[in-house]
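Novice: model the structure of this input:
(chains A and B)
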Amino acid sequence: MAPSPTGALHVGGVRTALFNWLFARHRGGEFRVRIENTDTSREVHGAVEHALESLAWLGLDWDAPPTFQLDRQAECAEAARRLVAAGAAYEDEGAIRFRMPDEGVTGWEDVVKGRIEFPNEQIEDLVLVRSDGRPTYNFASPLEDVWDEITHVIRGDDHISNTPKQLNVIRALGAEPPVYAHVPNVLGTDGKKLSKRHGATGVDELRDQGYYAPALMNFLALLGWAPDGETTVMSRDELVERFQLERVIPGGAAFDYQKLDWLNGVHLRALPAEEYADELVRFLAGHGEAWDEDLVRRAAPLVQEKIERFGQFPAFAGFFFHEVEPDPSLLDGGAPVIAAARDELGQVDPFTAESIETVLRALAERLELSPRKAFQPIRVAVTGSKVSPGLFESLELLGKAESLRRLSAAAALVGEAT
RNA sequence: GCCCCCAUCGACUAGCGGCCUAGGUCGCCACCCUUUCAAGGUGGUCGCGCGGGUUCGAAUCCCGCUGGGGGCACCA
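Specialist: Sure, this is the predicted structure:
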């Protein structure tokens, strides 16, 4: 994986990294990270740390310390001198250019695209070393691939046209080229290049929205690859076990947020309650208010089946943590039920979901209201919303005193409104 | 303009000449379940870009077209 430190890691870039990682893990090889920082003018401060953090969060661990392309400036210059001496390169206005062949074709067997060939007359004499001494990407990259004994270069297919240049450089050096696999790029929902207007495209943004790393990994892996025609939900281990570079699709794939949401929900629901709570606590730690951990853990089971992203927690279960202000219009006509519920629940002891349910169902029956009709005003009074976790469990977790207080407040509110 | 890549439901894909009146998943629609929302269950909707070949037979092979994408820097 070879990011340039020019900004946050994009889902397209991380998908390419994922294919590299899956391939390496599947084959028992090494996954390497190289920072391509030869263009010092475009470097963004903190981008390296940011990118590495995104990779780590997703679970893509690397096997050797990341290397920095510019660190090999001296070796690159030396290689360039050798090429000049051999007549394979020449000086041009202070820079050093590579002499590309004029006839024939340069081609290779691409693992995902198949045979690709470029007419040599199409390939310009490449600048290897700039006039200020810094190597260019197309020179440093193939050199490092050779030096680091990179066996497989798996990168975005926007690099296809660079490949014949790099191939010629490697051959001029008398070295053996790596195997190339050009994977298609990730597109936006409209089939166009993925960009900001399609929504969140940075790995950190997705993380901020409460996506779960293994789910995102599962989703990204399915963008351009499938183990068969049936399997969709896979754990990290299953992905590693089943991944095959040869099965990567040559065509581009569109990023579908709806499917990501669904898959995220699938992964979250499958989590053991304890682990789900751990993840939720971890997510909330970096988001907004100081969430009471004990309360978060007790609320976790009530939301696990209900939300598909951790980011939905504050809106969905925030009422456990702070005061609510029900919209009076949502309580319309509910005054009698709310008052009755307050009175009846005041008698309930112990205040458990089970006993609460028994009492409220009896109440609904007595008032000749369908459960739906009877419970909705109570829900709104207590949670401030028409949508919430299970009512009885919510009341229990909220506690008797607080529940009664909210019911009283709502009753008063409706009384004043009418 | 030149070069390269790509092309199955709205989306992700299975398919690698007959098992395909094209399968799975998301989405969407309907119904069931139901205290809201979800989840779950059942059923349904929807596709091989076009035109030529090759072949007894083509989603699968070949050619052309069209449409998308990428590249043509002393960027990566």
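Novice: shouldn't A:L363 be in contact with A:A374?
Specialist: Yes. Using C-beta atoms under 8 Å, A:L363 is in contact with A:A374, at 6.8 Å. No exception for glycine: its C-beta is placed from N, CA and C like everyone else's.
Novice: and these two? Which one has more around it.
Specialist: A count of neighbours by other C-beta atoms under 10 Å puts A:A374 above the other of A:L363 and A:A374, at 23 against 19.
Novice: ok, now how distant is the more buried one from RNA strand B?
Specialist: Using C-beta to the nearest atom of the strand, to the nearest Å, one gets 8 Å for the distance from A:A374 to RNA strand B.
Novice: do A:D343 as well
Specialist: Where RNA strand B is concerned, A:D343 sits at a distance of 20 Å (C-beta to the nearest atom of the strand).
Novice: point me to the helix or strand that includes that residue.
Specialist: helix A:335-345 (DSSP states H and E).
Novice: list the residues that contact both of A:L363 and A:A374?
Specialist: Common neighbours of A:L363 and A:A374 (criterion: C-beta atoms under 8 Å, 6 or more residues apart in numbering): A:V337.
Novice: what helices or strands is whichever helix or strand comes after the helix holding A:D343 leaning on?
Specialist: Using DSSP H and E, the helix or strand that follows helix A:335-345 in sequence is helix A:353-366. Contact here means 3 or more C-beta pairs under 8 Å, 6 or more residues apart in numbering; DSSP states H and E; on that basis helix A:353-366 packs against helix A:335-345, helix A:371-383, helix A:391-398.
Novice: now do the strands in chain A.
Specialist: Under the criterion DSSP state E, chain A contains strands at A:34-35, A:67-68, A:89-92, A:95-98, A:105-110, A:114-119, A:127-129, A:152-156, A:179-183, A:186-187, A:253-254.
Novice: which bits of the stretch 251-400 of chain A sit near RNA strand B?
Specialist: For the stretch 251-400 of chain A, the residues in contact with RNA strand B (C-beta under 7 Å from any atom of the strand) are A:251-254, A:256, A:258-259, A:262, A:265-266, A:269, A:305-308, A:357, A:371-372, A:375-376, A:379, A:386-393.
Novice: now these: which count as buried?
Specialist: A:252-253, A:262, A:265, A:306-308, A:357, A:375-376, A:379, A:388-393 (16 or more other C-beta atoms under 10 Å).
Novice: tell me the contacts of A:A181?
Specialist: Counted by C-beta under 8 Å, 6+ apart, A:A181 has contacts A:19, A:110-112, A:152-155, A:245, A:248.
Novice: give me the neighbour count for the closest residue in space to it that isn't next to it in sequence.
Specialist: In space, and not counting its chain neighbours, A:A181 is closest to A:V111: 3.8 Å by C-beta to C-beta, 6 or more residues apart in numbering. Using other C-beta under 10 Å, A:V111 has 19 other residues around it.
Novice: test my guess that A:V111 contacts A:R247.
Specialist: No. Counting by C-beta under 8 Å, A:V111 does not reach A:R247; the two are 10.1 Å apart.
Novice: circling back: who wins for proximity to A:W62 among the helices and strands packed on helix A:353-366?
Specialist: Relative to A:W62, the nearest member of the helices and strands packed on helix A:353-366 by C-beta to C-beta is helix A:391-398, separated by 42.6 Å.
Novice: run through the residues that contact A:K373.
Specialist: A:A364.
Novice: can you check A:G59 too?
Specialist: So A:G59 contacts A:213-214, A:217, A:236 (C-beta under 8 Å, 6+ apart).
Novice: can you flag which of these belong to helices?
Specialist: A:213-214, A:217, A:236 (DSSP state H).
Novice: just curious, which of those residues is nearest to A:A273?
Specialist: So of the ones in helices among the contacts of A:G59, ranked by how close each gets to A:A273 (C-beta to C-beta), first place is A:P214, at 16.8 Å.
Novice: can you give me the pLDDT of the closest one?
Specialist: Reported pLDDT at A:P214 in the predicted model: 98.
Novice: ok, it to RNA strand B distance?
Specialist: Counting by C-beta to the nearest atom of the strand, the gap from A:P214 to RNA strand B is 16 Å.
Novice: repeat for A:D228
Specialist: 6 Å.
Novice: just want the phi and psi numbers for that residue.
Specialist: Dihedral angles phi and psi of A:D228 (degrees, to the nearest 10) take the values phi -160, psi -170.
Novice: ok, it - how many residues close by?
Specialist: Count around A:D228 with other C-beta under 10 Å applied: 7.
Novice: do the same with A:G202
Specialist: Neighbours of A:G202 using other C-beta under 10 Å come to 18.
Novice: pretty sure it is touching A:H10, no?
Specialist: Yes. A:G202 lies in contact with A:H10 (C-beta under 8 Å); the separation is 6.4 Å.
Novice: hmm, back to that, may I see the strands of chain A organised as JSON lines, with mean pLDDT added?
Specialist: Listed next are the strands of chain A as JSON lines, based on pLDDT from 0 to 100:
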{"stretch": "strand A:34-35", "mean pLDDT": "96"}
{"stretch": "strand A:67-68", "mean pLDDT": "96"}
{"stretch": "strand A:89-92", "mean pLDDT": "96"}
{"stretch": "strand A:95-98", "mean pLDDT": "97"}
{"stretch": "strand A:105-110", "mean pLDDT": "95"}
{"stretch": "strand A:114-119", "mean pLDDT": "94"}
{"stretch": "strand A:127-129", "mean pLDDT": "97"}
{"stretch": "strand A:152-156", "mean pLDDT": "96"}
{"stretch": "strand A:179-183", "mean pLDDT": "97"}
{"stretch": "strand A:186-187", "mean pLDDT": "90"}
{"stretch": "strand A:253-254", "mean pLDDT": "94"}
